[in-house]
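S.K.: sequence isn't available, so here's the structure alone:
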Ligand SMILES: C[S@@+](CC[C@H](N)C(=O)[O-])C[C@H]1O[C@@H](n2cnc3c(N)ncnc32)[C@H](O)[C@@H]1O
């Protein structure tokens, strides 16, 4: 590690987490996020991994944009779970609750996209144990805390998204786990369960994916 380049994990709330935000602002931010996931290849990475499953649970699903895409392209049954209540017009079923604490719907595979950086290490361990009670597979896709994706985001993504997504994108990278940290927390969570864990990191550190199979 190069001295001066290390970033401690930030503990700053994101603008989108504010429950008082007007609904049209929230809807626009989630739409923007879905667009960024398509550009960066996150959507494709998830579609490839869930192909063949009969049902998918998206934890921290926002307003369900990725689930609509999964259902549309792969014909899989989908359900979402999020702390923020779903809008009345949501086109997929979204259950409201805290994913680290509340019982989760059953599915063949659970996914969590750009969600786990919202959690402390202890909460992430609780989340993984909670998921293991209702899904045999869990795919976590998240950011990597590192200067390279931070600067790439500032230069290429920030200028073309809304102010909320621009500021939250930077906060999210600063809140994310490093590759080694995420692996270590996951290994702790699945200790003595016999689970298989695989981790992949995309070029330029634009995402990391951990897959757990129990
Ligand atoms: C950055 S957004 C990502 C939304 C979506 N996965 C995407 O990538 O477009 C994180 C989501 O996690 C949700 N969230 C945060 N803490 C949560 C918790 N403890 N349980 C369930 N959802 C939570 C937030 O409400 C928000 O919708």
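M.R.: It's in. Predicted, not measured: the structure shown is a model, and the values here were computed from it. Numbers count the residues shown, from 1 in each chain.
S.K.: for this protein, which segments count as strands?
M.R.: 55-59, 77-82, 94-96, 109-113, 137-142, 196-201, 208-213 (DSSP state E).
S.K.: adjacent strands (with direction) for the fifth one?
M.R.: Applying DSSP bridges, strand 137-142 is found paired with strand 109-113 (parallel), strand 208-213 (antiparallel).
S.K.: out of these, deepest packed?
M.R.: Comparing these by mean neighbour count (mean count of other C-beta atoms under 10 Å), strand 109-113 ranks first with a mean of 26. C-beta here means a position set from N, CA and C on the backbone, and glycine is covered the same way.
S.K.: from the chain's centroid, how far away is that one?
M.R.: Its chain's C-alpha centre and that of strand 109-113 lie 7 Å apart, by C-alpha atoms, centre = their mean, to the nearest Å.
S.K.: how about stretch 25-32?
M.R.: 16 Å.
S.K.: residues contacting residue 190?
M.R.: 128, 132, 197, 212, 214 (C-beta atoms under 8 Å, 6 or more residues apart in numbering).
S.K.: if any of those residues are buried, put those into a PyMOL selection.
M.R.: Those of these that count as buried under 16 or more other C-beta atoms under 10 Å are selected in PyMOL with:
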select buried, resi 128+132+212
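S.K.: shaky segments in this structure?
M.R.: 1-5 (pLDDT under 70).
S.K.: and it, which residues reach the ligand?
M.R.: Residues of the chain that fall close to the ligand, judged by C-beta under 6 Å from any ligand atom: 30, 33-34, 60-62, 81-84, 98-100, 113-115, 118.
S.K.: out of the residues you listed, which end up buried?
M.R.: For the residues of the chain next to the ligand, buried by 16+ other C-beta under 10 Å: 30, 33-34, 60-62, 81-82, 84, 99-100, 113-115, 118.
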